[in-house]
Every structure is written in structure tokens, then in C-alpha cells.
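# Predicted model and sequence follow; I will ask about them next.
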Amino acid sequence: MAPALITGLTDDERRLIGRLLDKLTARGPANFEARSYYEARQTVKHMGIGIPPELAVRVKAVVGWGGTVVDVIEERLDWSGWKVSGDDDLGLGQVFADNQLAVESGYGHLDALMLGLSFVRVGTGSDGEPSPLVTTHAADTTTGDWNARTRRLENALTITEVKDNQVTRLVLDVPGSTLTCQRTNGGWGLVERDDHGLDAIPVVVLPNRARGSRRMGRSEITRAVRYYCDAGVRNLLGMEGNREFYSIPQLALLNRGLDAFVDRNGNPTAPWKVLAGHMIGMPKDDEGDAAQIEQLTVSSPDPFINQTRQWAQLLAAEVGIPSAYLGFHTENPSSADAIRAGEARLVKRVERRQTVFGLGWLEVGRLALMVRDGAVPEDYWSRVTNRWRDAATPTKAATADAGMKQLTALPWLAETEVGLELLGLDDEQISRALAERRRAQGRAVVASLTAPPVTNEPGDGTTPSA
């Protein structure tokens with residue numbers, strides 16, 4: 001598209017759109033490569049020495065380690081919304097439910113881990129949509145300029161619609177305004193200018209592995225990970241070649257040439273029939289000498305397996321995950337303590353992601369209140385926190401088990417909201433449980449008030465009152 005042809009915009013806005021589109025285009029190849037490794041669709045270069053190129057094309061060996069590196073972190077990033085101190089949740093629970101953020105947040109986390117960063121937009125919903133509307137966007141459809149001092153985006157461009165491989169709708173966010181442009185048969189034009197007057201761009205960045213010199217994040221699929229994935233693919237391809245060429249015992253024929261391999265009509269025998277033959281019978285040569293047949297030692301696939309295991313161990317060390325996650329287990333099952341020790345670095349890495357992503361989700365909550373109410377409580381940052389499932393106990397059963405151990409030490413916590421959270425219950429389940437408990441207490445009080453009084457009958461062994 002040509003931003004200069006968009007009608008209804010100022011020259012500065014057109015130039016800004018053009019520059020941000022160039023930024024997206026420049027990052028396109030890197031994003032495509034990261035997605036390729038995540039989906040095990042990368043193009044692996046083969047030397048063509050030990051394995052014929054024709055075999056490499058036909059076999060199409062793949063290694064899914066790139067996806068594993070991302071998924072083992074994402075699977076432990078369960079965000080359950082905002083936690084607000086006090087009785088009033090500021091309506092953030094409704095925002096979380098209306099936008100299905102229990103699922104949508106996972107999309108944002110996955111894209112951030114894969115591509116290095118993702119974005120979350122907050123805006124006003126149209127008819128049939130929740131308002132405020134919260135949506136996640138990948139780094140190959142959204143970009144912007146980062147301001148290190150405000151720790152927010154100065155502007156943002158989001159491609160919201162693509163048809164027939166052409167951009168047909170985009171949104172530009174600048175301070176105080178959101179501009180929506182659309183492509184029609186008559187060309188590009190501005191279709192909506194929302195002068196919302198917010199104090200920040202309504203787009204939030206979720207950066208992965210950000211650092212001071214690279215605030216916009218870095219993909220989990222690093223150069224080292226890509227190399228190990230490619231090496232693993234080449235190893236598997238070598239093992240496939242080993243199976244094709246050496247699974248049938250190799251025979252060596254001495255004292256005879258290819259003329260020995262003919263059928264009864266004198267025609268040459270097909271090579272595969274010679275290789276697959278369990279017994280080869282042939283007459284003596286013209287001089288009366290018999291041919292000697294010797295079986296060669298078949299090559300074992302163990303060298304390929306051991307080398308693949310070595311690559312897996314190097315990859316596990318690079319990304320901080322147990323090598324068992326990559327398919328290699330020890331003969332002796334690991335103890336529970338050994339498993340926890342092996343996952344210690346992974347758990348710490350996930351907790352770091354929770355801290356960084358959590359800051360972004362707090363900003364999303366603040367923007368949602370701004371869009372809905374036009375204001376945010378002054379104590380917002382001190383009252384609102386994030387709910388994350390414990391990174392060390394990713395399953396509900398493990399969470400409940402850990403919670404029971406804590407409640408055993410402090411039994412009175414079992415009757416509080418905090419205690420129910422420790423057991424892994426979500427907000428709805430906690431509300432229902434506490435409501436049921438209040439109703440049960442109310443019924444007990446009513447029953448005690450309506451119960452007939454206890455009277456002392458003669459002969460019951462009690463002393464009547466004076």
C-alpha cells in the first residue's frame with residue numbers, strides 16, 4: 001500500500017504510517033523464521049556428502065524442539081486476571097470475563113515467547129462487542145516506537161484486516177487519538193478518527209527477555225536453539241539413510257563381476273532383487289572357479305542416536321529445561337526431589353516472565369478503566385495486582401496438593417478467600433463456595449431460633465429451676 005494515497009490524514013500521519021509499515025516489513029523475515037522453527041517447518045541446509053539430496057527431499061525429517069522450547073514456558077504462564085484489594089474490584093473482573101482473557105492472554109504470551117514481543121490493544125467495542133474491548137496482536141501485525149523514559153509506546157500501528165494477501169484495514173494510534181483507515185475499491189481513506197484524549201497510547205507491549213539495550217524483547221528461539229534444531233534434523237536424516245541403505249545385510253561378491261547377476265534369459269537382474277535376496281545361487285565361471293560371497297557388518301544407528309542425545313542436552317542447557325522434555329530419559333526414574341531440582345531454572349525463568357508480562361497486564365487494566373470511566377483511582381497501582389498460577393505447580397492437582405500442605409500448618413486459612421485460592425479455585429468457584437458457606441450459616445441460625453425450647457420433664461433426672 002502507498003500511505004501517501006490515504007485521504008483524510010495529515011502529512012505527518014501519512015509519513016508515520018509509512019515508517020511504521022517499513023518497520024513491520026523489515027522485521028518480517030525474522031518473524032517468519034521464528035514461526036518456521038516453532039512449527040518445525042524451517043529449511044535445513046544439508047551438505048549433500050553422506051546423504052543424497054534426493055533422500056533429504058523425500059524424507060522431510062523434522063525436529064519439534066523449537067516448539068518445545070516455547071511451549072514449556074507458555075504452559076506455566078496461567079494468568080487469572082487482576083486482584084483488587086478491598087470489596088470493590090473496580091469492574092476489572094467483568095472486563096476479564098467479557099473479553100475471555102483467560103484464553104486471549106495465552107495467545108499474547110505465546111506470540112511474545114515466539115517472536116520476542118506481542119501487543120495488547122484496548123479500545124471501545126462496537127455493537128455486539130464488549131466495551132472496553134481488549135485484544136492481543138502479534139509482532140508481525142503491530143509495531144510502534146518505544147519511549148524509554150515513559151516506559152510506554154509513543155505511537156502504534158496495527159494491521160487489523162488482510163484479504164487476498166493485501167492489507168485492507170489498519171489502525172494508527174497517536175497521542176490523544178486513534179485513526180482507522182480502510183481500503184475500498186475507491187482507494188484508501190480515513191474512516192474514523194477517535195479523539196479519546198487518553199493520557200497514553202492504548203496499546204501495551206508484552207516483551208520477552210527484554211534488557212536495557214533491547215527493550216522490545218527477544219525470541220526464545222535463539223540462534224543457538226536454531227542450530228541445535230537443524231543439527232537434530234540432519235542427525236535424523238542420517239539415521240533414515242542408515243536404515244534405507246544398511247537395514248538389509250550387505251554382501252560382497254568375490255571372483256565374479258556383474259555378469260553373474262542375470263536371469264534365466266540372460267537379462268541383468270534388478271539391483272533391488274540382488275540386495276533383497278536371502279540366498280544367491282550362481283554357476284561357476286568359465287574357468288571352473290566358484291564365486292565367494294561374504295556378508296559385511298551392518299552399520300548401527302547408535303552413533304546417530306548418541307549424537308542426537310548430545311544435541312538435546314546442549315539445547316536443554318541453553319534454554320534451562322530438563323533433557324527429558326526433549327525425549328531422552330534415564331534408565332532409572334527420577335525422584336520427586338530430583339525432578340523439582342531439574343525444573344528449578346525453568347520455574348525461575350517463568351517467574352521472570354510473570355513479572356514482566358504482569359506489568360503489561362496492569363497497564364491494560366488501567367487503560368480499560370480509562371476507556372470505560374474516563375478516570376483511574378489514584379491508588380490503582382497500590383491496590384491492583386495480578387493473579388498467576390504458581391509456576392512450580394502447573395497442574396490443578398499439584399496446586400491443590402501444595403495448598404493442602406499450607407492449610408495444614410494454618411487451618412484457619414481454609415475458611416478464607418486466601419485459603420481457597422491456595423487450593424487452586426478460580427474466582428467464580430471461590431464466590432460460590434463462600435456464598436454456600438454464608439447460606440449454610442444462615443440456615444443454622446434460623447434453625448436455632450425456630451427450634452422448640454427444651455423443657456425439663458419429671459423423671460428426666462434433672463433438677464427443676466426455682
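Okay, I see it.

# Show the contacting residues for Ala414.
Leu407 (Cβ atoms under 8 Å, 6 or more residues apart in numbering). Backbone N, C-alpha and C define where each C-beta goes, glycine included.

# Find me the pLDDT at it, would you?
As predicted, Ala414 sits at a pLDDT of 76.

# Three-state assignment for Gly197, please.
Under DSSP: H, G, I helix; E, B strand; the rest coil, Gly197 falls in the coil class.

# Model confidence at it, what's the number?
Value listed for Gly197 in the pLDDT field: 87.

# Any idea which helix or strand in the chain has the lowest mean pLDDT?
helix 271-276 (a mean of 54; mean pLDDT, DSSP states H and E).

# Tell me which residue lies nearest the centroid of this protein.
In the chain, the centroid-proximal residue (Cα atoms, centre = their mean) is Leu110; its distance is 3.3 Å.

# Now name the helix or strand holding it.
Here Leu110 sits within helix 101-115, counting by DSSP states H and E.

# May I see the buried residues of that helix?
Within helix 101-115, the residues that qualify as buried are Leu101, Ser105, Gly106, Tyr107, Gly108, His109, Leu110, Asp111, Ala112, Leu113, Met114, Leu115, counting by 16 or more other Cβ atoms under 10 Å.

# for the record, mean pLDDT for that helix?
Mean predicted lDDT for helix 101-115 stands at 96.

# Stretch 434-447 too?
Mean per-residue pLDDT for stretch 434-447: 80.

# for this structure, longest strand please?
strand 152-163 (DSSP state E).

# can you give me the mean pLDDT across that strand?
Per-residue pLDDT over strand 152-163 has a mean of 92.

# any weak-confidence spans in the protein?
Along the chain, segments meeting pLDDT under 70 span 1-2, 4, 48-50, 244-264, 266, 269-299, 330-336, 394-395, 426-427, 454-466.

# Go ahead and confirm Arg389 touches Ala402.
No: under the criterion of Cβ atoms under 8 Å, Arg389 is not in contact with Ala402, lying 10.9 Å apart.

# number of nearby residues for the residue nearest to Asp173 when sequence neighbours are not counted?
Nearest residue to Asp173, sequence neighbours excluded (Cβ to Cβ, 6 or more residues apart in numbering): Ala156, at 4.3 Å. By other Cβ atoms under 10 Å, the residues close to Ala156 number 24.

# if I pick Ala156, what's in contact with it?
Counted by Cβ under 8 Å, 6+ apart, Ala156 has contacts Leu20, Phe119, Arg121, Thr142, Thr143, Gly144, Leu172, Asp173, Ile201, Val203.

# switch to 10 Å and redo it
By Cβ atoms under 10 Å, 6 or more residues apart in numbering, Ala156 lies in contact with 20, 119, 121, 137, 142-145, 171-174, 178, 201-205.

# hmm, back to that, if we go by neighbour counts, what in the longest strand of the chain is buried?
Across strand 152-163, burial judged by 16+ other Cβ under 10 Å covers Arg152, Leu153, Asn155, Ala156, Leu157, Thr158, Ile159, Thr160.
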